[in-house]
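>>> task: produce atomic coordinates for the following.
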Amino acid sequence: MTTKPKKAGPALPKDPNTLQIEQASENENPDIAVSRAALRPDVRAASIIKGFSSRQVFPEMNLMGLVNELRDQSKAVQGGDLARAESMLIVQAHTLDAIFGELARRATLNMGQQLDAFERYMRLALKAQSQCRTTLETLAEIKAPRPVAFVKQANIANGPQQVNNGSFPPCTRPGAGAREIQSAQNQLSGGTHELLPNARASGIASGTHTAMEAVGEIDRAEIRRG
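Residues are numbered from 1 along each chain as shown. The predicted model follows:
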């Protein structure tokens, strides 16, 4: 007796607020698939955005809708489309400017009466103003990136200096590098190991005084002999 297989019924609707995890293959460990999904930037961002969003303002927001939209936005940026990023930055700059204005207004209400509250409000207001300026600078950097200049090396010598920019073959003999450096120093200093005479040495150190000897030969007093 044979039985006919039952027809599959309609697929049950998936809960949009439940994260749908896809396995790379049928034999993949489910724990690995869950870990991979938990580390995805779009999944993590979607969970954070959903947690911070007001249910009164966004009552129909669901998790998978956020994940799919964030994935599309990421692909657009990877393809070179920065329109969304530019729009986000200018909106954030306006938001920070509004926060700065409200905090500054509250600071003026406490000015002259509650100095502690005035100082706290002004400190927060200036922080919001600084963040607004930084956001606008970032937007300007995206719209008009700064040119990058590649400057070649310039060797400027103000005296008798020798600069070698060429590459030297590596020395394979043990101690050859030290001997070649010492040989090069000897060639620059005259090729000998003897100390050169010091022209700045004093007359006392040398044992002679040429200037006094010359005066003695020309202007010495005559000695009378009886």
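
>>> domain parsing for this protein?
16-81, 82-144 (automatic domain parsing).

>>> can you tell me the element Gln56 falls in?
With secondary structure defined by DSSP states H and E, Gln56 is part of neither a helix nor a strand.

>>> any idea how far it lies from Asn17?
Going from Gln56 to Asn17 by C-beta to C-beta, to the nearest Å gives 17 Å. C-beta coordinates here come from the backbone N, C-alpha and C atoms, glycine included.

>>> burial of Leu103, as a residue count?
Counted by other C-beta atoms under 10 Å, the residues lying close to Leu103 total 19.

>>> if we can go back for a sec, deepest-packed of the domains of the chain, please.
Highest mean neighbour count of the domains of the chain: domain 82-144, a mean of 14 (counted as mean count of other C-beta atoms under 10 Å).

>>> quick one: mean pLDDT for that domain?
In this model, domain 82-144 carries a mean pLDDT of 95.

>>> same deal with stretch 40-47?
94.

>>> please enumerate the helices of this structure.
30-38, 41-52, 63-78, 83-109, 115-143, 176-189, 203-206, 210-219 (DSSP state H).

>>> looking at these, which is nearest to Ala24?
Proximity to Ala24, assessed across the helices of the chain by C-beta to C-beta, is greatest for helix 30-38 (7.0 Å).

>>> helices or strands next to the closest one in the packing?
Using 3 or more C-beta pairs under 8 Å, 6 or more residues apart in numbering; DSSP states H and E, no helix or strand is in contact with helix 30-38.

>>> could you export it as CSV, CA atoms only?
What follows is helix 30-38, C-alpha atoms only, in CSV (Å, rounded to 0.1, in the frame of the first residue of the first chain):
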residue,chain,number,x,y,z
PRO,A,30,24.2,26.8,13.6
ASP,A,31,26.3,28.4,16.4
ILE,A,32,28.8,29.6,13.8
ALA,A,33,26.0,31.1,11.7
VAL,A,34,24.5,32.9,14.7
SER,A,35,27.9,34.3,15.6
ARG,A,36,28.6,35.5,12.1
ALA,A,37,25.2,37.3,12.0
ALA,A,38,25.8,38.9,15.4
